[in-house]
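Participant: Any chance you can model this:
(4 chains)
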There are 2 protein chains.
Amino acid sequence: MTRAGRTTGGLTIGELASRTGCTPEAIRYYEREGVVPRPARAGSGRYRQYGDADVERLAFLRRARELGFSLAEVRALLQFSDGDPGRSCGEVDALARAHLTQVDAKLAQLSALRDALAGVTDQCRGGVAVADCRILGALSGGAARRTDAADDVNQSRQR
Amino acid sequence: MTRAGRTTGGLTIGELASRTGCTPEAIRYYEREGVVPRPARAGSGRYRQYGDADVERLAFLRRARELGFSLAEVRALLQFSDGDPGRSCGEVDALARAHLTQVDAKLAQLSALRDALAGVTDQCRGGVAVADCRILGALSGGAARRTDAADDVNQSRQR
DNA sequence: GGTACACCTTGTAGTCACTACAAGGTCAAG
DNA sequence: CTTGACCTTGTAGTGACTACAAGGTGTACC
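Facilitator: So this is what the prediction gives:
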């Protein structure tokens, strides 16, 4: 058998990772955070052992994260689907709709930002001395309004 | 005299904060990071004492941050305008253009995200049982493609 | 002059969703 | 039995702050 058979039929964390597009570190992090359950450990050794349910749960988690849900929101979503399957999905709907509203707001801010930046770079033709640079000028002297709306759009440049 | 006169003509950190839309903690953080200079301390006491140049610098910083520049980029921008005012603004222009490219990419990703989310919430009419919820279903079974492009858009929900 | 109180000081820890690394253990193959 | 890929736990770092603790300072009012 190749790789996948190593631990009596289960997947190792690395195999799960490559099937779901996560890193093993991220999966262990999700486990610490209680978003995915602690798996059984393989027979003789101490390796984590995963099955198809874990692949599905992690794929769900990744997809929800790609849609911009926070880990806390994903946890909530997963609790809904873990719980009584007869319950109404109204809360799920509310969560998704609230999230859509946020995304729409952020989209508007980001597009305003784009226009401001484009306007600013258009003014600079590159050979000018710094003292006369329009970018620096636009940033220095622009309308100083500080809206709450402008608050949330910046944070998008990690990693 | 009211508040602003407390320290022989200068502003306290709190006054600077309210004039620029920052918190005093954030200003002290910028100082630690070397993005704004260490100010003089007021006469008898140890309070930080700010002037108009500080208000301007901080306003510049806030505006650049609102346009999505990282603190490191703002530092670079400020170094350009601190330095020889006869230098060409080509580097400033390059920085702003690179940033505009990033913003455009992010805008495209976010708008794709919006459409996906809207499609997903449209399918849920709210009264359905969780077992049949389309949102959960869409998240569980959707196309499992994992693009690098989808990677960067999530990070936008701190604070 | 005393005291109340708002604001300041430094320092440390927490946030979010990870990533990176160190030091060592385990597994299968050759 | 060795090689080497992968696993284990634990800790620290990222960015741009925020939150809090414990104490100091400045001013206004009585």
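
Participant: can you tell me the helix or strand for the residue positioned nearest the centre of chain A?
Facilitator: The residue lying closest to the centre of chain A (C-alpha atoms, centre = their mean) is A:Arg65, at 3.9 Å. Secondary structure from DSSP states H and E places A:Arg65 in helix A:52-66.

Participant: Now that helix: average pLDDT?
Facilitator: Helix A:52-66 comes out with an average pLDDT of 91.

Participant: what's the spacing between the helix or strand following that helix and its chain's center?
Facilitator: Sequence-wise, the next helix or strand downstream of helix A:52-66 (DSSP H and E) is helix A:71-82. Distance of helix A:71-82 from its chain centroid, counting by C-alpha atoms, centre = their mean, to the nearest Å, is 14 Å.

Participant: Repeat that for stretch A:33-53.
Facilitator: 23 Å.

Participant: List the buried residues for the helix or strand bottoming out on mean pLDDT in chain A?
Facilitator: Least confident helix or strand, chain A: helix A:134-141 with a mean of 73, by mean pLDDT, DSSP states H and E. Across helix A:134-141, burial judged by 16 or more other C-beta atoms under 10 Å in any protein chain shown covers A:Arg134, A:Ile135, A:Leu136, A:Gly137, A:Ala138, A:Leu139. Every residue, glycine included, has its C-beta placed from N, CA and C.

Participant: Quick check: end-to-end length of stretch A:10-26?
Facilitator: Stretch A:10-26 has its terminal residues 19 Å apart, counting by C-alpha to C-alpha, to the nearest Å.

Participant: Reformat the buried residues of helix A:134-141 as CSV; add distance to B:Leu16.
Facilitator: Shown next, in CSV, are the buried residues of helix A:134-141 (distance: C-beta to C-beta, whole Å):
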residue, distance to B:Leu16
A:Arg134, 27
A:Ile135, 24
A:Leu136, 21
A:Gly137, 22
A:Ala138, 22
A:Leu139, 18
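
Participant: Pick out the most distant pair among the residues you listed.
Facilitator: The most widely separated members of the buried residues of helix A:134-141, counting by C-beta to C-beta, are A:Arg134 and A:Leu139 (9.5 Å).

Participant: Relative to A:Val74, how far out is the closest residue to A:Gly83 other than its chain neighbours?
Facilitator: The shortest distance from A:Gly83 to any non-neighbouring residue, by C-beta to C-beta, 6 or more residues apart in numbering or on different chains, is to B:Val130 (7.1 Å). Distance of B:Val130 to A:Val74, given as C-beta to C-beta, to the nearest Å: 16 Å.

Participant: hang on, isn't the residue nearest to the centre of chain A packed against A:Leu71?
Facilitator: Yes - look at A:Arg65 against A:Leu71 with C-beta atoms under 8 Å: they come within range, at 7.4 Å.

Participant: I'd like to check which residues are in contact with A:Leu95.
Facilitator: Contact analysis of A:Leu95 by C-beta atoms under 8 Å, 6 or more residues apart in numbering or on different chains lists A:Phe69, A:Glu73, A:Ala76, A:Leu77.

Participant: next one: phi and psi at it?
Facilitator: Main-chain dihedrals, A:Leu95, degrees, to the nearest 10: phi -60, psi -50.

Participant: Establish whether stretch A:99-118 and chain B are in contact.
Facilitator: Yes - using C-beta under 8 Å from any C-beta of the partner chain, stretch A:99-118 comes into contact with chain B via A:99-100, A:103-104, A:106-107, A:110-111, A:113-114, A:116-118.
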